[in-house]
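*Asks:* model the following, please.
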Amino acid sequence: FKLNQWANFAHWLFPPPCLLCGAASSPGELCKGCEGDLPRLPEPGCPACALPTPGGEICGQCLTQPPAYAGTVSGLTYRWPADRLVQAFKYGARLAAGAVLAEQLALRAAVAPRPHLLIPVPLSAQRLAMRGFNPAHELAKGIGRRLDIPVRADACWRVRDTPPQTALPWRERRRNVKQAFVCTANLQGASVAVVDDVMTTGATVDALAQAILAAGARQVSAWVAARTLPGGYR
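*Replies:* Presented below is the predicted three-dimensional model:
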């Protein structure tokens with residue numbers, strides 16, 4: 001047997017445990033049962049932020065305060081068990097969980113309008129040094145490989161080390177990330193998808209989208225691994 005044949009045989013003989021329940025999960029990172037339990041975003045939804053709306057109409061928030069991004073693609077809804085995958089990836093550095101999230105997002109994004117490039121939401125230098133990796137960048141690389149879209153992690157920078165959005169009330173999140181990003185690349189005429197792990201209020205993606213548009217981009221969309229929903233949606 002060649003080396004790759006031995007690897008395939010070993011994978012078949014000793015399948016890796018499911019990331020969520022521990023059961024055998026060959027050939028993927030999740031067993032069939034847990035993969036079937038992954039929560040999908042309800043449809044139809046607001047064409048801008050993807051929150052569920054009657055008939056897919058634009059929601060009141062996006063109608064009164066239109067975001068800088070034109071639309072949102074979300075792989076999953078941020079609730080059990082998708083939240084466990086996000087937390088294991090983002091805070092536990094479980095890259096295998098990130099690969100599952102990237103695959104789920106790529107499946108949804110495959111039928112969306114194709115952007116010229118992907119730009120992950122950048123971390124500050126301090127946060128990157130503390131965490132050791134940028135989850136958004138890892139997601140973007142996985143999606144880029146699957147959909148053959150270039151990733152430009154060097155196009156934009158976070159110029160302010162802002163407090164984590166999760167620690168702030170919703171109303172303060174937009175102010176927290178205002179002018180936090182700068183794009184140094186020439187993005188003239190480009191269609192860009194911003195990649196992030198979780199979207200809640202959309203404030204972070206909106207702030208980055210504004211900087212990308214200021215750098216000459218024609219359009220920006222948001223591609224997120226998971227989207228939180230108001231309490232009334234399950």
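
*Asks:* make it CA atoms for all contacts and neighbour counts henceforth
*Replies:* Noted.

*Asks:* which residues of this structure fall in strands?
*Replies:* Secondary structure of the chain (DSSP state E): strands located at 72-77, 117-120, 156-158, 181-183, 191-199, 219-227.

*Asks:* list the buried residues in the first one.
*Replies:* Within strand 72-77, the residues scored as buried using 16 or more other C-alpha atoms under 10 Å are 72, 73, 74, 75, 76, 77.

*Asks:* swap in the second one?
*Replies:* Residues of strand 117-120 classed as buried by neighbour count (16+ other C-alpha under 10 Å): 117, 118, 119, 120.

*Asks:* elements contacting it?
*Replies:* Applying 3 or more C-alpha pairs under 8 Å, 6 or more residues apart in numbering; DSSP states H and E, one finds that strand 117-120 makes contact with helix 135-147, strand 191-199.

*Asks:* could you give the average pLDDT over the longest one?
*Replies:* When the per-residue pLDDT values of helix 135-147 are averaged, the result is 97.

*Asks:* name the residues of that helix that are buried.
*Replies:* For helix 135-147, burial by neighbour count (16+ other C-alpha under 10 Å) applies to 135, 136, 137, 138, 139, 140, 141, 142, 143, 144.

*Asks:* check stretch 220-234 too.
*Replies:* For stretch 220-234, using 16+ other C-alpha under 10 Å, the buried residues are 220, 221, 222, 223, 224, 225, 226, 227, 228, 229.

*Asks:* again with stretch 126-134
*Replies:* 127, 134.

*Asks:* residues near residue 24, how many?
*Replies:* As a burial measure, residue 24 scores 17 neighbours (other C-alpha atoms under 10 Å).

*Asks:* same question for residue 197.
*Replies:* Residue 197, neighbours per other C-alpha under 10 Å, totals 29.

*Asks:* report pLDDT for the residue nearest to it when sequence neighbours are not counted.
*Replies:* With C-alpha to C-alpha, 6 or more residues apart in numbering as the criterion, residue 197 has its nearest non-adjacent residue at 4.9 Å, and that residue is residue 225. You'll see residue 225 listed with a pLDDT of 97.

*Asks:* can you check residue 68 too?
*Replies:* 96.

*Asks:* now swap in residue 175 and tell me
*Replies:* pLDDT recorded at residue 175 is 60.

*Asks:* again, but for the one 5 residues further on
*Replies:* The model reports residue 180 with a pLDDT of 81.

*Asks:* same deal with residue 183?
*Replies:* So, for residue 183, pLDDT stands at 93.

*Asks:* tell me, how many residues neighbour it?
*Replies:* 21.

*Asks:* how far away is the closest residue to it other than its chain neighbours from residue 125?
*Replies:* Leaving aside its sequence neighbours, residue 183 sits nearest to residue 156 (C-alpha to C-alpha, 6+ apart; 3.9 Å). As defined by C-alpha to C-alpha, to the nearest Å, residue 156 lies at a distance of 13 Å from residue 125.
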